[in-house]
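Chemist: I need the structure of the sequence given here:
(one chain, ligands or ions: 2)
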Amino acid sequence: MAKMRAAQVSKAGGPLEMVEREIPDPGAGFVRVRIEASGICHSDVLTKEGLWPGLALPRVPGHEIAGVVDAVGPGVFSWSPGDRVGVGWHGGHCGTCDSCRRGDFLLCRLGAPVPGIAYDGGYADYVVVPAVALARIPDGLTPVEAAPLMCAGVTTFNPLRNSGARPGDLVAILGIGGLGHLGVQFAAKMGFDTVAIARGSDKEPLARELGARHYIDSQKQDPAAELTKLGGARVILATVTSAPAMTAVLGGLGPEGKLIVVGAPPEPLQVPAGILIFGRRSVAGWPSGRSIDSQDTMAFAALTGVRSRNETFPLDRAAAAYDRMMSGKARFRVVLTMS
Ligand SMILES: [Zn+2]
Ligand SMILES: [Zn+2]
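Modeler: Residues are numbered from 1 along each chain as shown. Ligands and ions are numbered 1, 2, ... in the order given. Next comes the predicted model:
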């Protein structure tokens, strides 16, 4: 049997250990992907620390996968060996529940399985996934460029394009990190009057380089007041993991403005009811996207030049790469490479 390398978690809170495994074969409806790059996402903590309810260990984390189709199982007609593909948070769906029959696969009532959580994911040389989880990588993107778009990218691109904001509208991105540095680029390329909000002034040059027309230092300025001076935001995309930071910007929403939450703070979010009622404002969440949304994200990135800034590590150094991501110091995404 041919072997492959994988970095697995075998007990909750335990280390990422390099192991050798047999290369799995794809069953009916599945494909095998030879992985070229795999992003490390903060959500991988759900696997590493055993936080996902019902998680079975050992498990190989990773849901920002970029590679090449290597083998297809019976019943797979749309993909062939050699196709360049990505796999993200949407790792399959049941296809028969009410949500799936409406095409809303991510809200599958049976719980859409996530690579690296429900089955072994991207910190490995190969992965086997349902064919419905594949997104086509366009020619213009390298594997390292594609991988982070499969979670961080689609998680910012998809809520922005579905937000109801129109070109020229004031759209703010709260937080300039792994998600936010992509959010600013997408917002600017979509034609929004883009505001970046972050703590301190050190991120201002980068935010402007990424396409922000306005910068608000939330340590020195009241972000709600500053947004109001600019006319009020149509949309604020909250990529931070601090609930108080989200509450602090709510007053900067314009009429019909919407706060879209994609960062997950540990504490509950406080929302003054008056802000919602007077001005018909709303607070909503958004869970990344389907495989076709990831494909659209990559196509848009190839078209417009949106790229994440990445630090790469070889697969054998997965543990160090994960620690680097957890340190919060990575600028901005950490990506494993397999070759
Ligand atoms: Zn993720
Ligand atoms: Zn379903």
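Chemist: Go through stretch 49-67 and flag the buried ones.
Modeler: Across stretch 49-67, burial judged by 16 or more other CB atoms under 10 Å covers 50, 52, 59-67. Just so you know, the C-beta spots here come from the backbone N, C-alpha and C atoms, and that holds for glycine as well.
Chemist: meant to ask about stretch 195-204, not that
Modeler: 195-198, 203-204.
Chemist: which two in those residues are spaced the farthest apart?
Modeler: Spanning the widest gap among the buried residues of stretch 195-204 are V195 and K203, at 12.9 Å by CB to CB.
Chemist: shared neighbours of the two, which are they?
Modeler: Counting by CB atoms under 8 Å, 6 or more residues apart in numbering, the contacts common to V195 and K203 are Y215.
Chemist: Lowest-confidence one in the buried residues of stretch 195-204?
Modeler: The lowest pLDDT within the buried residues of stretch 195-204 belongs to K203, with 95.
Chemist: Quick check: pLDDT value at A112.
Modeler: Looking at A112, the pLDDT reads 87.
Chemist: Looks like it contacts F105 (just checking).
Modeler: Yes - counting by CB atoms under 8 Å, A112 touches F105, with 6.1 Å between them.
Chemist: Overlap in contacts, these two.
Modeler: Common neighbours of A112 and F105, using CB under 8 Å, 6+ apart, are 90, 93.
Chemist: Would you mind naming what in the chain lies close to ligand 2?
Modeler: Counting by CB under 5 Å from the ion, the positions of the chain adjacent to ligand 2 are 93-94, 97, 100, 108.
Chemist: Sketch out the low-pLDDT regions of this structure for me.
Modeler: Low-confidence regions of the chain, defined here as pLDDT under 70, do not occur.
Chemist: Mind naming the longest helix for it?
Modeler: In the chain, with assignment by DSSP state H, the single longest helix is helix 291-304.
Chemist: mind listing what's buried in that helix?
Modeler: 291-302.
Chemist: And for stretch 181-198?
Modeler: So stretch 181-198, judged by 16+ other CB under 10 Å, has buried residues 181-190, 192-198.
Chemist: first vs last residue of stretch 80-87, how far apart are they?
Modeler: 15 Å (CA to CA, to the nearest Å).
Chemist: For the remainder of this discussion, apply numbering that starts at 726.
Modeler: Understood, numbering begins at 726; the last thing we discussed is stretch 805-812.
Chemist: starting at the chain centroid, how far to that stretch?
Modeler: Distance of stretch 805-812 from the chain centroid (CA atoms, centre = their mean, to the nearest Å) equals 20 Å.
Chemist: Give me the contact status of stretch 789-800 with ligand 1.
Modeler: No - residues of stretch 789-800 contacting ligand 1 under CB under 5 Å from the ion: none, with a closest distance of 6.3 Å.
Chemist: Tell me who's in contact with the residue of the stretch 826-975 of the chain found nearest ligand 2.
Modeler: Nearest to ligand 2 in the stretch 826-975 of the chain, going by CB to the ion, is C833, at a distance of 3.2 Å. Residues near C833 by CB under 8 Å, 6+ apart: 818-819, 822, 824-825.
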